[in-house]
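*Asks:* kindly generate the corresponding structure for this input.
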Amino acid sequence: METETTGGSVEKTVILLKEKAERGDSQAVFLLGQLHYEEGRYAAAEIIFDGIKDEDPRALYQLAVIYYDGLGTKEDLSKAIEYMRTVAFWDSSEVGCIKYAALYNLGRSYLEGFGVEASRAEAERLWLLAADDGNPNASVKAQSSLGMFYCRPETLDLRKAFSWHSEACGNGSLESQGALGVMYLYGHGVQKDPDAALFCLKEAAERGNVYAQGHLTACYYHRKLYSRAAALGERVSGYEDISAIARHTDCLEEYIRKGIAIAMFYYARCLQLGRGVLKNRDRVKSYFTQAARIDPEICKELQMDVVHGRI
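*Replies:* Next up, the predicted model:
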């Protein structure tokens, strides 16, 4: 029996949804627009979403994304922010959980000054609304972002950071699980707990958190588990497409780079001293150089640890 091609299946779905839409099925209208969107037919999706944006907050949200990213049309940050704000404060229960995603995106725009004047205070306010006191049905990304926000030097509050990372981790955030491991490791916002740190870092590392993998490499090294440190460090050192990793894990590129740099540095140290792996001076220089290029600041700190005999 011949199998139906994916393209043929999509076209049949389009025809079916069009028929339902013509009979007045509002859900079919949105699904038709969404199908076009997912297939990369952004111009067609824009037309459909624009026709129902006043009645369907999901359509308005997707339009905001289209204009924000310039998908199939000219980027229009002003319109994107306006639409996202309307969804975020849509005065009806029918908006559902999408309002939390809109609030998160608005907060991110204010933090980065993208389409609006930068304001850390407004970003914090919007993320707190999006996080909704740790509601698992709210924006887990906002909960995790608040954890990161309170770790920043200009908005530092490590107890709040630990609290929000705990909420986000409990709601499934991979980013926050790795962050919790590091906080337990160094006693940031919580009492030091090496066992809890190792547990969180292992779990997050197994799920693909590169920042956790970098710190786990360091943990193995300092526990004199050099073979494990070298093996994990070598694996992480081979990562190349940071953007793809960020998309796959939903983790911040900044912390992925930090994780790779840490793993590379410790792997280079293993190669330099012959710990868990044969000495190889040529590769040592290459890995130290690459690590410094990826994250100069973190490598500067690690180099000081070498100077003082801590690594």
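
*Asks:* close enough to count as contact, F30 and L60?
*Replies:* No - the pair F30 and L60 does not pass the contact test of CB atoms under 8 Å, sitting 10.7 Å apart. Yep, even glycine has a C-beta here, placed from its N, CA and C like the rest.

*Asks:* which secondary structure state does the closest residue in space to Y150 that isn't next to it in sequence sit in?
*Replies:* Closest residue in space to Y150, ignoring its immediate chain neighbours: A161 at 3.7 Å, by CB to CB, 6 or more residues apart in numbering. Going by DSSP: H, G, I helix; E, B strand; the rest coil, the secondary structure assigned to A161 is helix.

*Asks:* before we move on, back to that, for F30 and L60, indicate the residue with more neighbours.
*Replies:* Taking other CB atoms under 10 Å, F30 and L60 do not tie; L60 has more neighbours (23 against 20).

*Asks:* leaving aside the residues next to it on the chain, what's closest to that one?
*Replies:* K53 (4.4 Å).

*Asks:* okay, buried residues for stretch 212-230 please.
*Replies:* Across stretch 212-230, burial judged by 16 or more other CB atoms under 10 Å covers 212-221, 225-226, 228-230.

*Asks:* kindly report the same for stretch 244-263.
*Replies:* Residues of stretch 244-263 classed as buried by neighbour count (16+ other CB under 10 Å): 245-246, 249, 251, 255-263.

*Asks:* make TSV out of those and add secondary structure, pLDDT and distance to A80.
*Replies:* Converted to TSV, the buried residues of stretch 244-263 look like this (DSSP: H, G, I helix; E, B strand; the rest coil; pLDDT from 0 to 100; distance: CB to CB, whole Å):
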residue	secondary structure	pLDDT	distance to A80
I245	helix	98	26
A246	helix	97	21
T249	helix	96	25
C251	coil	97	24
Y255	helix	97	26
I256	helix	98	26
R257	helix	98	28
K258	helix	98	30
G259	helix	98	31
I260	helix	99	32
A261	helix	99	34
I262	helix	99	36
A263	helix	99	37
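
*Asks:* re earlier: and which of the buried residues of stretch 212-230 is nearest Y239?
*Replies:* Nearest to Y239 among the buried residues of stretch 212-230: Q213, at 8.9 Å, using CB to CB.

*Asks:* which residues in the stretch 201-311 of the chain form strands?
*Replies:* Ranges of strands within the stretch 201-311 of the chain: none, based on DSSP state E, counting those that start in this stretch.

*Asks:* now the helices for it?
*Replies:* Ranges of helices in the stretch 201-311 of the chain, per DSSP state H, counting those that start in this stretch, are 210-222, 226-237, 242-249, 253-273, 281-294, 296-307.

*Asks:* looking at the ones you listed, which is nearest to E46?
*Replies:* E46 lies closest to helix 242-249 among these, at 23.1 Å (CB to CB).

*Asks:* could you dump the closest one to PDB, C-alpha only?
*Replies:* Provided in PDB are the C-alpha atoms of helix 242-249 (Å, rounded to 0.1, in the frame of the first residue of the first chain):
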ATOM      1  CA  ILE A 242      25.100  27.000  20.100                       C
ATOM      2  CA  SER A 243      21.900  28.400  18.500                       C
ATOM      3  CA  ALA A 244      20.600  24.900  17.700                       C
ATOM      4  CA  ILE A 245      21.300  23.800  21.300                       C
ATOM      5  CA  ALA A 246      19.500  26.800  22.600                       C
ATOM      6  CA  ARG A 247      16.400  26.000  20.500                       C
ATOM      7  CA  HIS A 248      16.500  22.300  21.400                       C
ATOM      8  CA  THR A 249      16.900  22.800  25.200                       C
END
